[in-house]
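Novice: sequence plus the predicted model coming up.
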Amino acid sequence: MSKYKLEYVWLDGYTPVPNLRSKTKIENFDEFPTLDQLPMWGFDGSSTRQAEGRSSDCMLKPVAVYPDVTRINGALVMCEVMMPDGVTPHPSNSRATILDDAGAWFGFEQEYFLFQNGRPIGFPEEGYPAPQGEYYTGVGYKNVGDIARQIVEEHLDLCLDAGINHEGINAEVAKGQWEFQIFGKGSKTAADQVWMARYLLLRLCEQYQIDVEFHCKPIRGDWNGSGMHANFSTDYMREVGGKEYFEKLMSQFQKNMDEHIAVYGPDNHLRLTGLHETQSIDKFSYGLADRGSSIRIPHSFVNSGYKGYLEDRRPNSQGDPYQIASRILKTISEVPTA
Ligand code: ADP
Ligand code: MN
Ligand code: MN
Ligand code: MN
């Protein structure tokens, strides 16, 4: 028997953007625990905007567990928040709203800025650095600054050690802006991993006195905002597809434009302007390899007879991947697959 440090991680009740919260539970196990060995736990919901003070208990239901190599016998435990009965999802529990999604695959491209002393790493104390151009996938001190790459690399290793399915990382278009991509079969698998990767990044940056800025447009002016493009496919899209189904799907996305934007992250009007590789927030469009459209069709999709995955470019960096996946799957479910 060894004592394991189980970090229970959950989303609080702040709106429109929930914060990550966590606390440590010590339990004895013979070896690294499986999900079904992890007990439910409770917390004070009145301190997280999830309950009133007089009836403050909320429950934590473990839904995924990952190794935490920064601690001896450490585990990261992603949780859903439940009502005191332990079975009813709390209203803030967006994960519980995801429809049955057998066969759904999601790839999220999380963009973010690293901020030092209130500005992106590499920005001068006054004014601005050289305009955008060389920063995207750039190399060298003048392009990425001093500490960013070390953080990004450490974060990548933490995620890989945790079993998070990163597909890649890159420096982004604005100075101090980065991206990681996470792919999962099953929308909950992918979204759990995005939240845990955000958690690991925030926790890692504490020791560097660096803030992770997830806001979608932290620097006004001619600087790219941050998105979280959602690449998605279902069994039907990958195996049957076809132009006719694709067009029906797109008209359903068009019809539900407002419902999608509502859960694609706050302040998105600041980012979806029609500039900086975006479509404007009040328009819906799709196009082949078109980074100025709402939904980009990869060449591979058309080349294989309208089969494969699509990229919704509208979700932003602060969006909740549970709500985003939930909405995309709902719209897909409204289109018959005859
Ligand atoms: P770009 O920056 O050109 O938009 P990225 O390579 O950053 O592209 O991201 C593409 C994403 O598409 C990856 O996260 C990948 O996991 C995802 N993806 C690839 N194939 C599928 C698929 N069949 N279903 C869902 N997502 C997919
Ligand atoms: Mn990308
Ligand atoms: Mn990007
Ligand atoms: Mn993309």
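Specialist: That came in fine, so what should we check first? Bear in mind the structure is a predicted one, so any value in this text is a computation, not a measurement. Ligands and ions are numbered 1, 2, ... in the order given.
Novice: residues of the chain that sit close to ligand 4?
Specialist: Counting by Cβ under 5 Å from the ion, the chain comes close to ligand 4 at 109, 229. In short, each C-beta sits where N, CA and C put it, glycine included.
Novice: what score does the most centrally placed residue in the chain have for pLDDT?
Specialist: By Cα atoms, centre = their mean, the chain has its centre lying nearest to Val194, at 4.3 Å. Per-residue confidence (pLDDT) for Val194: 98.
Novice: cool, and the one 5 residues further on?
Specialist: Among the per-residue scores, Tyr199 shows a pLDDT of 98.
Novice: how far out from the middle of the chain is the helix or strand hosting it?
Specialist: Using DSSP states H and E, Tyr199 sits in helix 187-206. Relative to the centre of its chain, helix 187-206 is centred 7 Å away, using Cα atoms, centre = their mean, to the nearest Å.
Novice: just checking, next helix/strand downstream of it?
Specialist: strand 211-213.
Novice: ranges for the helices of the stretch 201-338 of the chain?
Specialist: Counting by DSSP state H, counting those that start in this stretch, the segments of the stretch 201-338 of the chain that form helices are 235-239, 243-255, 257-262, 268-271, 299-303, 321-333.
Novice: for the stretch 51-200 of the chain, which segments count as strands?
Specialist: Secondary structure of the stretch 51-200 of the chain (DSSP state E, counting those that start in this stretch): strands located at 57-67, 74-82, 105-116, 119-120, 166-171, 177-185.
Novice: how about TSV for these, with mean neighbour count and mean pLDDT added?
Specialist: As requested, the strands of the stretch 51-200 of the chain are exported to TSV (neighbours: other Cβ atoms under 10 Å; pLDDT from 0 to 100):
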stretch	mean neighbour count	mean pLDDT
strand 57-67	21	97
strand 74-82	23	98
strand 105-116	23	98
strand 119-120	20	98
strand 166-171	16	98
strand 177-185	21	98
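Novice: of the ones you listed, which is nearest Tyr322?
Specialist: strand 74-82 (9.5 Å; Cβ to Cβ).
Novice: test my guess that Arg314 contacts Tyr286.
Specialist: No - contact criterion Cβ atoms under 8 Å: Arg314 and Tyr286 do not qualify, at 11.3 Å.
Novice: give me the common contacts of those two.
Specialist: Ser294 (Cβ atoms under 8 Å, 6 or more residues apart in numbering).
Novice: neighbour count winner among these two?
Specialist: Shown here are Arg314 and Tyr286; by other Cβ atoms under 10 Å, Arg314 has more neighbours (27 against 21).
Novice: now do the contacts for the more buried one.
Specialist: 227, 260-261, 264, 268, 272, 278-279, 281, 294 are the contacts of Arg314 under Cβ under 8 Å, 6+ apart.
Novice: closest one of the residues you listed to ligand 1?
Specialist: Checking those against ligand 1 by Cβ to the nearest ligand atom gives Gly227 as the nearest, at 9.4 Å.
Novice: which parts of the stretch 51-200 of the chain sit against ligand 1?
Specialist: By Cβ under 6 Å from any ligand atom, the residues of the stretch 51-200 of the chain that approach ligand 1 are 105-107, 109, 167, 181, 183.
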